[in-house]
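> This is the structure alone, sequence omitted:
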C-alpha cells in the first residue's frame, strides 16, 4: 500500500476541509508514492518518535498535532522542529498530521472521548455543516458531580484534574472538547450541559459559573490521548494489510510534582 493511500484513508474519515483556518493538517514531510512499510501513531512528533519509527521499521509517522504549524525559514538544528525535519528526511520518514479535521469530524476525537466516558445520544456541541466543534451527550443516569469528575480523572489517568465550584446538583448532560476548548464553554451553558470537560482553559473562564455549570480540565495531552486509538481503529479497519503501531511512550512535555 502506498503512503498516499494511507493518507486518503484518513482523509475520507476526516476530510481536510474540516480543519480550522489556522491549522496545517495533512502531509508534512515525505513522498507519498513510496510504499508504506508501517505506520507509527502518536500525538506529537519528536525526535524520539521518529527514531522509534526507524527502529520499528515504520516509514510513516502519523500524529495528531502537526509538526509544521508555522513556516520554517531555516532547517538546521537550532530548534526541535528543525531537528525533527532533518531526522525525518535523513531517514526517509514521512510525517502526516490529522489535527482539527479529525477533531471536527463525525465520529472523530471528541466522539472518541465521549465513548470512553460512556456518553449516549452524542451530537456536535457546535455543528458546522458536515462537521462541528465539541460534542454533547448524556450519562446513562445522573451522578454526583464530584464522583463524575473522579471517574474522569481515573479513566484518563489524570495526575491533577482542575475544576471550579459548580452548582449543587447531580450531573447527567455532559459537553466536552479535547485540547484547547474553552471557546466552547458558552455553547455548553447555552445547551444546558451540567458539566463541561476540556483539556485547557484560561484562568478567567472559571469565574461566574458557580450556579450554571461544572468545569473540568484534564490537561491537553490527557484529554486527547485516545486519539491514537481512534486513528488505529480507522486504519486497521480500512487498511487491514497495513502494519499499524502505537508509540511506546508519552510525548506529553508537561510534568507534575505530586
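Alright, I've got the coordinates. From a predicted model like this one, the values you see are computed outputs, not experimental measurements.

> Tell me which stretches of the stretch 1-150 of the chain form helices.
Remark: helices assigned in the stretch 1-150 of the chain by DSSP state H, counting those that start in this stretch are 3-13, 47-55, 80-90, 100-103, 109-117, 145-155.

> Then the stretch 151-258 of the chain?
Under DSSP H, counting those that start in this stretch, the stretch 151-258 of the chain gives helices at 185-190, 220-224, 227-238.

> what's the longest one packed up against?
For helix 227-238, the contact count by 3 or more Cβ pairs under 8 Å, 6 or more residues apart in numbering; DSSP states H and E identifies helix 3-13, strand 39-42, helix 100-103, helix 109-117, strand 244-246 as packing neighbours. Bear in mind the C-beta positions are built from the backbone N, C-alpha and C, glycine included.

> can you redo these as a markdown table with mean pLDDT and mean neighbour count?
Conversion of the helices and strands packed on helix 227-238 to a markdown table gives the following (pLDDT from 0 to 100; neighbours: other Cβ atoms under 10 Å):
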| stretch | mean pLDDT | mean neighbour count |
| --- | --- | --- |
| helix 3-13 | 98 | 18 |
| strand 39-42 | 98 | 26 |
| helix 100-103 | 98 | 26 |
| helix 109-117 | 98 | 23 |
| strand 244-246 | 98 | 16 |
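
> out of those, nearest to residue 25?
Closest to residue 25 of those, according to Cβ to Cβ: helix 100-103, at 4.9 Å.

> who's in contact with the closest one?
Here helix 100-103 makes contact (Cβ atoms under 8 Å, 6 or more residues apart in numbering) with 10-11, 13-20, 23, 25, 64, 108-110, 131, 133, 178-179, 227, 230-231.

> again, 10 Å this time
Applying Cβ atoms under 10 Å, 6 or more residues apart in numbering, the set of residues contacting helix 100-103 from outside is 10-11, 13-26, 64, 66, 108-110, 112, 131-134, 177-179, 181, 224, 227, 230-231, 234.

> Highest mean neighbour count out of the helices of the stretch 151-258 of the chain?
Compared across those, helix 220-224 shows the largest average neighbour count, a mean of 23 (mean count of other Cβ atoms under 10 Å).

> Tell me which other helices or strands it touches.
helix 109-117, helix 145-155, strand 171-180, strand 195-200 (3 or more Cβ pairs under 10 Å, 6 or more residues apart in numbering; DSSP states H and E).

> Distance from the chain centre to that helix, please.
7 Å (Cα atoms, centre = their mean, to the nearest Å).

> And the contacts of that helix?
With Cβ under 10 Å, 6+ apart as the test, helix 220-224 has contacts from 43-44, 64-65, 102-103, 109-110, 112-113, 152-153, 156-161, 176-181, 197-200, 216-218, 230, 250-254.

> hang on, the earlier thing: mind giving me CSV with the helices of the stretch 1-150 of the chain and columns for distance to residue 191?
Below are the helices of the stretch 1-150 of the chain laid out as CSV (distance: least, Cβ to Cβ, whole Å):
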stretch, distance to residue 191
helix 3-13, 26
helix 47-55, 37
helix 80-90, 38
helix 100-103, 18
helix 109-117, 14
helix 145-155, 17
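
> hang on, the earlier thing: Produce a ChimeraX select command limited to the buried residues of the contacts of helix 220-224.
A single ChimeraX command selects the buried members of these (16 or more other Cβ atoms under 10 Å):
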select :43,44,64,65,102,103,109,110,112,113,152,153,156,158,161,176,177,178,179,181,197,198,199,200,216,217,218,230,251
